[in-house]
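*Asks:* give me the fold of what follows.
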Amino acid sequence: MSDFPNAKEAVTYEKAGLSARKITHSHITIGVFFLFLSIGGIYRYIGTNQAIASLGLIVMVIVSVKIYHWAQAMGEKAEKFTDRAIAWKQGEVAEGSVGALLETLPNGYFVVNAFVTKDGDTDHIVVGPKGVLTIETKNQKGVVTNDMDRLLLDGHPFEKDIIEQAWAHSYYVRDLLSEKGVCALRPQPVIVFTDADVQLKERVRGVHVIGIKDLHAFLERLPVWMSERLSKGIIDCLWSTQNR
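*Replies:* Predicted coordinates for the structure are as follows:
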């Protein structure tokens, strides 16, 4: 198996918060503009209607408060939207970095990216002499450990059971291959963390959990056992299903 490129060259987004702050400031600037516009309108109206002159200051205060709350709400919405966009983009980069490593696999290996299942996309499916792997990529930062059959991030359980998710994708591919009459093979689920320090020495509920820096060594250790004919039958089935 050929060498993999350096996984640390993946893009990071450390300055993501700047975009949210710029958007918030722009909304406040717009709010201040409308405030001065309102003040000018109030004084212009006061000049032609003395009966409302005493209400001028009150109206100005009300308008100012409304504009402030509007700008604050718009800033919060913009920040939330930016955070979601950053999380999505980081996940996309994580998948891309693993995908780049898988592209260096030698002849005889096939990779299907973003394979659609009923439980969501499987990031990568690798088919070759060492069997079939369904690979999920995760971009969380921190230390990944386990407490028996529970996967932990910095000592706390993940919000979602990603072990169960990995098995669900594996079983979907198994059932698909069985229904198409290709084989009854169950793919091996693998979870790859691109930014976390993975400190696991064993599988968790049968799932391999590794860091991206260990992906090459992990693939090297797997035994060769599957025939080229079976590999081609599996990949043809997956590609035909993906492209229909």
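*Asks:* test my guess that residue 163 contacts residue 205.
*Replies:* Yes. The pair residue 163 / residue 205 is scored as a contact, 5.0 Å apart, by CB atoms under 8 Å. Bear in mind the C-beta positions are built from the backbone N, C-alpha and C, glycine included.
*Asks:* now the common contact residues for those two.
*Replies:* Contact criterion CB atoms under 8 Å, 6 or more residues apart in numbering; residues shared by residue 163 and residue 205: residue 149.
*Asks:* comparing those two, which residue is more hemmed in?
*Replies:* Taking neighbours as other CB atoms under 10 Å, residue 163 and residue 205 compare with residue 163 leading, 22 against 16.
*Asks:* give me the mean pLDDT for the host helix or strand of the more buried one.
*Replies:* Secondary structure from DSSP states H and E places residue 163 in helix 162-179. Averaging pLDDT along helix 162-179 yields 97.
*Asks:* in whichever strand or helix holds residue 217, what's buried?
*Replies:* Taking DSSP H and E as the definition, residue 217 sits inside helix 215-221. Buried positions in helix 215-221, judged by neighbour count with 16 or more other CB atoms under 10 Å: 215-216, 219.
*Asks:* turn the residues you listed into CSV, columns for pLDDT.
*Replies:* Formatted as CSV, the buried residues of helix 215-221 follow (pLDDT from 0 to 100):
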residue, pLDDT
215, 94
216, 91
219, 95
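*Asks:* what's the closest of those to residue 196?
*Replies:* residue 215 (13.2 Å; CB to CB).
*Asks:* and the gap between that closest one and residue 103?
*Replies:* In this view, residue 215 and residue 103 are 12 Å apart by CB to CB, to the nearest Å.
*Asks:* likewise for residue 240?
*Replies:* With distances taken as CB to CB, residue 240 is found 22 Å from residue 103.
*Asks:* and what of residue 155?
*Replies:* With CB to CB as the criterion, residue 155 and residue 103 are 35 Å apart.
*Asks:* got it, and residue 244?
*Replies:* 24 Å.
*Asks:* between these two, point out the one with more neighbours.
*Replies:* The residue with more neighbours, out of residue 244 and residue 103, is residue 103; 12 against 5, by other CB under 10 Å.
*Asks:* was I right to think the more buried one contacts residue 110?
*Replies:* No. Here residue 103 does not reach residue 110: they are 11.2 Å apart, not a contact under CB under 8 Å.
*Asks:* buried ones in stretch 198-212, by neighbour count?
*Replies:* Result for stretch 198-212 [16+ other CB under 10 Å]: buried residues 198, 200, 204-205, 207-212.
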